[in-house]
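Structure here, sequence nowhere to be found:
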């Protein structure tokens, strides 16, 4: 007796094109040298800790394995406190304008808008310092919200420091509404802002 195959999860889009020549592209071997160059200049994809040297070492040892690890849905994440936790399902894109501009990632739990306590938000992004203040993060977030919508999320949570005016503008420009502000234990006097952003 033949049984029907299980439905396969649709592959994430490989390229999303926005205004002003900004694109979100899937990580790929041909674009890896640009990523490496950004790491050499001290750019870090993680905004909670600097991973540029760590990533550069792994990338140079084995570019193929590095790229595979970057996109492995079954991988792990090392938190600021050193804990290693399983990755949530995610969609990772590199921000591109003809060259590497940074990265943006959607993290989620299927079937719910809730996140585990160790995950600060659904979306994180980091633009290289030499391409900041050009609207790239705003455009990238706008391109990623429909991807979140396609994953069943009506709203996404995005957080930033209260003193990070640039990130606040990016979030608010995409419809973000401040949900709450919480004091940061690791940075006395600093607040972490929690925004809810509609995906429609």
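Happy to help now that I have it. Here the structure is a predicted model, which means the values were calculated and not measured. Numbers count the residues shown, from 1 in each chain.

And the lengthiest helix in the chain, what does it pack against?
With secondary structure taken from DSSP state H, the chain has its longest helix at helix 136-150. Judged by 3 or more C-beta pairs under 8 Å, 6 or more residues apart in numbering; DSSP states H and E, helix 136-150 is in contact with strand 15-17, strand 23-25, strand 90-96, strand 100-107, strand 123-127, strand 155-161, helix 165-173, strand 191-198. C-betas here are computed from N, CA, C, even on glycine.

Within the sheet, what are the partner strands of the third one, with directions?
Within its sheet, and counting by DSSP bridges, strand 90-96 is paired with strand 23-25 (antiparallel), strand 100-107 (antiparallel).

Quick check: residue 68 is in a strand.
No. Under DSSP: H, G, I helix; E, B strand; the rest coil, residue 68 sits outside any strand and is assigned helix.

count of neighbours near the nearest residue to residue 79 once chain neighbours are set aside?
Closest residue to residue 79 apart from its sequence neighbours, by C-beta to C-beta, 6 or more residues apart in numbering: residue 118 at 5.8 Å. By the measure other C-beta atoms under 10 Å, the count of residues near residue 118 is 12.

Next, residue 118: secondary structure please.
coil.

low pLDDT regions in the protein?
1-16, 18-20 (pLDDT under 70).

And the residue nearest the centre of it?
residue 105 (2.2 Å; C-alpha atoms, centre = their mean).

so who does the nearest residue to residue 51 once chain neighbours are set aside touch?
Closest residue to residue 51 apart from its sequence neighbours, by C-beta to C-beta, 6+ apart: residue 44 at 5.1 Å. Each residue near residue 44 by C-beta atoms under 8 Å, 6 or more residues apart in numbering is listed here: 50, 51, 52, 55, 126.

residues near the closest residue to residue 22 other than its chain neighbours, how many?
Among residues not flanking residue 22 along the chain, residue 139 sits closest, at 4.3 Å (C-beta to C-beta, 6+ apart). For residue 139, the neighbour count with other C-beta under 10 Å is 23.

Residues in a beta bridge with residue 181, which ones?
Beta-bridge partners, per DSSP bridges, of residue 181: residue 193.

State the distance from it to residue 39.
33 Å (C-beta to C-beta, to the nearest Å).

more neighbours, the two?
residue 39 (21 against 11).

State the distance from that one to residue 150.
Taking C-beta to C-beta, one finds residue 39 at 30 Å from residue 150.

ok, back up a step: not including adjacent chain positions, what is the nearest residue to the residue nearest to the centre of the chain?
residue 92 is the one closest to residue 105 (C-beta to C-beta, 6+ apart), at 4.8 Å.
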